[in-house]
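**Student:** Let's see this in three dimensions:
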Amino acid sequence: MGYGTAIGSKFEPCDIKKVQSPYSEFGGFIRKKSIIATVKSVQVVSFHGYNGQPFKSKEKLVAHVEAVLAVLSPGPALFAGDFNTWSREHLLAVKRPLEEVGFSLAYSWPYPGRDHALDHAFTRGVKIIESRHYSCESDHRGAILELEVEGVM
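**Tutor:** Below is the predicted model of the structure:
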């Protein structure tokens, strides 16, 4: 689909949407893209966050998170991917708007050669019951997350 991120599922995704960062990367040519798809009753966000090289603006990264949140409906959701949280301050900055709408940080996975994770999974109304990450062709590791909708047996 040319969105730059991916969602894999045992079940067919529907209602697929693309959300671009409100800001372009350095040079003005690239806008990071994220996709949102509904899988059964869960909205799944595959996020590729604003990077902001060389200045790594926290405010523009938060604006990208908020642009995606504006498209989500209430209800169970997974918001995961490359948040480009280059520092603890970046992670705290993106956590605030996510927590304000009911998300909690549920899983982070390492980025090769860095002390701080860049990749995270936030959940709302779903629980991660199994998680793992793996090496792949990307510079980031992929993640496999098995979810359970809270309150549903």
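
**Student:** what number of residues lie near the residue nearest to G75 when sequence neighbours are not counted?
**Tutor:** Leaving aside its sequence neighbours, G75 sits nearest to G125 (CB to CB, 6 or more residues apart in numbering; 6.2 Å). Using the backbone N, CA and C atoms, a C-beta is placed for each residue, glycine as well. Residues lying near G125 (other CB atoms under 10 Å) number 19.

**Student:** ok, G125 to K56 distance?
**Tutor:** G125 sits at a distance of 31 Å from K56 (criterion: CB to CB, to the nearest Å).

**Student:** How about the contacts made by the residue nearest to G75?
**Tutor:** Neighbouring residues of G125 by CB atoms under 8 Å, 6 or more residues apart in numbering: 42, 75-77, 102, 149-151.

**Student:** what do you get if the cut-off is 10 Å, keeping everything else the same?
**Tutor:** 41-43, 74-78, 102-103, 147, 149-152 (CB atoms under 10 Å, 6 or more residues apart in numbering).

**Student:** Could you do Q43 as well?
**Tutor:** So Q43 contacts 15, 17, 36-37, 71-79, 124-126 (CB under 10 Å, 6+ apart).

**Student:** Beta-bridge partners for it, please?
**Tutor:** T38, A77 (DSSP bridges).

**Student:** what's the nearest residue to E12 if we skip its chain neighbours?
**Tutor:** V39 (7.7 Å).
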